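# Provided below are the primary sequence and the corresponding predicted coordinates.
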Amino acid sequence: MTTLALNNVRPYGEDVTNILIDVTDGVIDAVGENPFDDADEVVDCGGNVLLPGLVDMHVHLREPGREDTETIATGSDAAAKGGFTAVFTMANTSPVIDQPFLAEAVWTKGQEYGKCDVYPVGSISQGLKGEQLTEIGLMSRSGVRMFSDDGKCVNDPQLMRRAIEYAKAHDVVLAQHAEDHRMTEGSVAHEGEQAARLGLRGWPRLAEESIVARDAIMTRDYGGRYHLCHASTEGTVELLRFAKNQGIDVTAEVTPHHLMLTDEKLATYDGLFRVNPPLREARDAEALKQALLDGNVDVVATDHAPHGSEDKCVEFEHAKPGMLGLETSLAVVHRIFVESGEADWRFVAKVMSERPAEILRLEDQGRPINVGEPANLVLVDPQSPWTAHGDEMASKASNTPYEDIEFSARVVGTWLRGTQTYDAKKA
Ligand code: DOR
Ligand code: ZN
């Protein structure tokens, strides 16, 4: 057995301890008061914070089809650098992931590259057209755990109802991109004062909330496990509270950018800030933050959406929606919750690792840092100032909305089943 010692770590930012990893089996072999100095490899972690590897329920890795902007390999590099050991990549590729062999190919590529477990999300409708359901059963048998037409909403209520019934029968998660498309035609910014001032066509909160309300009632009546992608409004938070109080099986995610940024950023018409759903107002960001703290929103998911500069450095209306997220999310969450004193590292582990793993029933992710558990881990230095620059990202694209912003928490190392997938010292 080959061993690795991570000495002088603080699991969840708590007391200092030492961890011995069995690299051969990829599990934690021992946790102890004394440093493990006889291991094959010994790392002094300098009292840094150790968390379970992060799990992102929502990324876009663009393969197949747009490998010029991201691939499963570059996306895995970005994930590992951001502290992730598992990601779910959305189906809006070209071709769309709407058949078992396509989903299997995504998973296999991720495993061959080996930096991160890349789980394919299957589409709900064939070709993302919103007309015919995909073979949810067949895809679930080839390992697909979550289905989504993300990028588009399943608007047709009858199709959504059938999808909910099939998803229930096969015990998979349905993830909805809530946007009533009839209400967002030509919309590029949150409908409010800022859009009016800038002369941009507005996207009302109602376009999201009306779908959330409908879907909550559908889930109440037809069952299944419903997940809401990128919740963005105060009203959505209220609807989630209503649904959860009724015992309806809904979960929800919020993106780092909807927590940290608002439509004030649009003042310069910079296409980097165009995203679906759009950046909203301070009261929405505040409601989402409180909801994450009280559990009405379950997880943080990045919606990592790489785009080339030819699609971002253009007039705001013509910019493609989407922002990078994998390499900045931990730093953003740390800033908003830990640095501010509103929550601790246990909370970060919960919303960025444990809850997503639980929702998707990943048995080897989001686990406690204990003997016998898989060694999927991330080491974080909470006080290592760094500045975000798009052109320094591992991602193939550079469309970060945090250009030139300084953060204090930095990922130092990531391990997937005991094998190091990112090392800041070597980057
Ligand atoms: O901003 C977004 N970009 N929102 C989505 O739902 C899709 C994503 C993309 O694929 O670029
Ligand atoms: Zn989406």
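Perfect, thanks for sending it. Small disclaimer: the values here were computed from a predicted structure and weren't measured. Numbers count the residues shown, from 1 in each chain. Ligands and ions are numbered 1, 2, ... in the order given.
# and residue 105, what pLDDT?
With respect to pLDDT, residue 105 has a value of 98.
# before we move on, which element is it in?
Element membership for residue 105, per DSSP states H and E: helix 100-113.
# And that helix, what's buried?
By 16 or more other Cβ atoms under 10 Å, the buried positions in helix 100-113 come out as 100, 102-107, 109-110, 113. For glycine as for every other residue, the C-beta is placed from the backbone atoms N, C-alpha and C.
# Confirm for me that residue 179 is in contact with residue 209.
No: in this structure residue 179 lies outside contact range of residue 209 using Cβ atoms under 8 Å: 10.5 Å.
# which residues touch the helix holding residue 105?
Helix 100-113 has contacts (Cβ atoms under 8 Å, 6 or more residues apart in numbering) with 63-64, 72-73, 76, 89, 95-97, 116-120, 122, 135, 138-139, 141-144.
# For the buried residues of helix 100-113, give me TSV that also has distance to ligand 1.
Shown next, in TSV, are the buried residues of helix 100-113 (distance: Cβ to the nearest ligand atom, whole Å):
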residue	distance to ligand 1
100	22
102	17
103	17
104	22
105	19
106	15
107	20
109	19
110	18
113	21
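# Need the residues you listed in CSV (columns: distance to ligand 2).
Converted to CSV, those look like this (distance: Cβ to the ion, whole Å):
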residue, distance to ligand 2
100, 23
102, 19
103, 19
104, 24
105, 22
106, 18
107, 21
109, 22
110, 21
113, 25
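# Next, give me the two most distant ones among those.
100 and 113 (20.7 Å; Cβ to Cβ).
# Any chance you could list what contacts the longest strand anywhere in the chain?
Scanning the chain for the longest strand, with DSSP state E as the assignment, gives strand 41-52. Under the contact criterion Cβ under 8 Å, 6+ apart, strand 41-52 has outside partners 3-13, 16, 19, 23, 35-36, 83, 345, 348-349, 352-354, 365-369, 376-382, 412-413.
# Figure out how far that strand is from the centre of its chain.
How far strand 41-52 lies from its chain's middle: 24 Å, per Cα atoms, centre = their mean, to the nearest Å.
# Also stretch 312-329?
16 Å.
# Same check on stretch 149-164?
For stretch 149-164, the distance to the chain centre is 21 Å (Cα atoms, centre = their mean).
# now the end-to-end length of it.
In stretch 149-164, first residue to last residue: 13 Å (Cα to Cα, to the nearest Å).
# Kindly report the same for stretch 349-360.
16 Å.
# Let me know the average pLDDT across that stretch.
99.
# Can you tell me the SS state at residue 67?
coil (DSSP: H, G, I helix; E, B strand; the rest coil).
# ok, how many other residues are close to it?
15 (other Cβ atoms under 10 Å).
# next one: residue 264
11.
# Kindly report the same for residue 124.
Neighbour tally, residue 124, other Cβ under 10 Å: 29.
# any idea how far it is from ligand 2?
Residue 124 is 13 Å from ligand 2, where distance means Cβ to the ion, to the nearest Å.
# same check, this time on residue 291
From residue 291 over to ligand 2 (counting by Cβ to the ion), the distance is 18 Å.
# List the contacts of the most centrally placed residue in the chain.
For the chain, the residue nearest the mean C-alpha position is residue 301 (2.5 Å; Cα atoms, centre = their mean). If you count contacts by Cβ under 8 Å, 6+ apart, residue 301 has them with 56-59, 229-230, 253-255, 356.
# Select, from these, the two members most distant in space.
Longest span within the contacts of residue 301, Cβ to Cβ: 59 and 254, 14.9 Å.
# Now tell me what touches the helix or strand following the longest strand of the chain from outside.
Moving toward the C-terminus from strand 41-52, the first helix or strand encountered (DSSP H and E) is strand 54-59. Residues from elsewhere that reach strand 54-59 (Cβ under 8 Å, 6+ apart): 75, 79, 82-90, 146, 150, 175, 227, 229-230, 253, 255, 299, 301-304, 325-326, 329-330, 352-353, 356-357, 359-360, 362, 365-366, 378.
# could you flag which of those residues are buried?
The buried subset of the contacts of strand 54-59 - by 16+ other Cβ under 10 Å - is 75, 79, 82-90, 146, 150, 175, 227, 229-230, 253, 255, 299, 301-304, 325-326, 329-330, 352-353, 356-357, 359-360, 362, 365-366, 378.
# quick one: which of those residues sit in strands?
Per DSSP E, these map to strands at 84-89, 146, 175, 227, 253, 299, 378.
# In JSON lines: the residues you listed, plus pLDDT and distance to ligand 2.
Output for these, formatted as JSON lines (pLDDT from 0 to 100; distance: Cβ to the ion, whole Å):
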{"residue": "84", "pLDDT": "99", "distance to ligand 2": "18"}
{"residue": "85", "pLDDT": "99", "distance to ligand 2": "23"}
{"residue": "86", "pLDDT": "99", "distance to ligand 2": "19"}
{"residue": "87", "pLDDT": "99", "distance to ligand 2": "15"}
{"residue": "88", "pLDDT": "99", "distance to ligand 2": "12"}
{"residue": "89", "pLDDT": "99", "distance to ligand 2": "13"}
{"residue": "146", "pLDDT": "98", "distance to ligand 2": "13"}
{"residue": "175", "pLDDT": "98", "distance to ligand 2": "9"}
{"residue": "227", "pLDDT": "98", "distance to ligand 2": "12"}
{"residue": "253", "pLDDT": "99", "distance to ligand 2": "10"}
{"residue": "299", "pLDDT": "98", "distance to ligand 2": "15"}
{"residue": "378", "pLDDT": "99", "distance to ligand 2": "25"}
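# what's the burial count for the residue in the stretch 51-200 of the chain positioned nearest to ligand 1?
Using Cβ to the nearest ligand atom, the closest approach of the stretch 51-200 of the chain to ligand 1 is made by residue 151 at 4.0 Å. By the other Cβ under 10 Å criterion, the neighbourhood of residue 151 contains 20 residues.
# Test my guess that it contacts residue 93.
No: look at residue 151 against residue 93 with Cβ under 8 Å: they stay out of range, at 9.8 Å.
# What sits closest to residue 243 if chain neighbours are left out?
residue 216 (4.0 Å; Cβ to Cβ, 6 or more residues apart in numbering).
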